[in-house]
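# structural data only, the sequence is not supplied:
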């Protein structure tokens, strides 16, 4: 049996692990983006100003973006309160896709940002729906709670 066939069989047997890898990757990426934006705050403010006149002060919005990416990225990478961390970051990516990059869709460079931001938005929606996965703090806490309560967890009682 070839290595490719073995790999395909392993993937079929462990589909949830790929969601864990995506979660860790997206969380790490959001954290790194937050660190980059903290070091280049003028870039973040320029991007926010490109969105046009906003009701919220650009500095307040910049602080929300930084906090959401920084804390949300760490929580996503660890798989801790995964759904909440994804939901907190979704408005940031909706704003980036529809208010910042979509109006500039005909230019080449901003379009690349649009495509990448839309991909991250899609992945965040998936993580908000499916949760942390098997390799996450959420899953470990759920198992510990199930063991402590004799198998009755909030997730089990919803089924």
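Arrived safely. For clarity, every value in this text was computed on a predicted model and none was experimentally measured. Numbering: from 1, shown residues only.
# okay, which residue is most central for the chain?
The centre of the chain sits closest to residue 124, judged by CA atoms, centre = their mean, with a distance of 4.2 Å.
# report the secondary structure state of residue 134.
coil (DSSP: H, G, I helix; E, B strand; the rest coil).
# any buried residues in the strand or helix carrying residue 68, and which?
Assigned by DSSP states H and E, residue 68 belongs to helix 58-78. Buried residues in helix 58-78, defined by neighbour count with 16 or more other CB atoms under 10 Å: 61-62, 65-66, 68-78. All C-beta atoms are positioned from the backbone trio N, CA, C, and that covers glycine.
# ok, now stretch 120-132?
The neighbour-count check on stretch 120-132 (16+ other CB under 10 Å) flags 120-121, 123-124, 127-128, 131-132 as buried.
# those: which two are farthest apart?
121 and 132 (18.8 Å; CB to CB).
# coming back round to it: now, which of the buried residues of stretch 120-132 lie within strands?
Judged by DSSP state E, the subset of the buried residues of stretch 120-132 located in strands is empty.
# just those now: which is nearest residue 99?
residue 121 (12.5 Å).
# span of stretch 67-87 from start to end?
13 Å (CA to CA, to the nearest Å).
# still on that earlier bit, could you check how far the helix holding residue 68 is from the centre of its chain?
Averaged C-alpha coordinates place helix 58-78 at 10 Å from its chain's average position (CA atoms, centre = their mean, to the nearest Å).
# now for that helix, which elements pack on it?
Packing contacts for helix 58-78, counted by 3 or more CB pairs under 8 Å, 6 or more residues apart in numbering; DSSP states H and E, involve helix 15-39, helix 41-50, helix 82-94.
# what packs against the longest one?
In other words, helix 15-39. helix 58-78, helix 82-94, helix 108-130.
# of these, which is nearest residue 24?
Nearest to residue 24 among the helices and strands packed on helix 15-39 is helix 58-78 (5.3 Å), distances taken as CB to CB.
# next, the angle from the strand or helix carrying residue 138 to helix 82-94.
Here residue 138 sits within helix 137-148, counting by DSSP H and E. Counting by axes from the mean of the first three to the mean of the last three CA atoms, to 10 degrees, helix 137-148 lies at 160 degrees to helix 82-94.
# so which of the helices and strands packed on helix 58-78 is the most surrounded?
Comparing the helices and strands packed on helix 58-78 by mean neighbour count (mean count of other CB atoms under 10 Å), helix 82-94 ranks first with a mean of 20.
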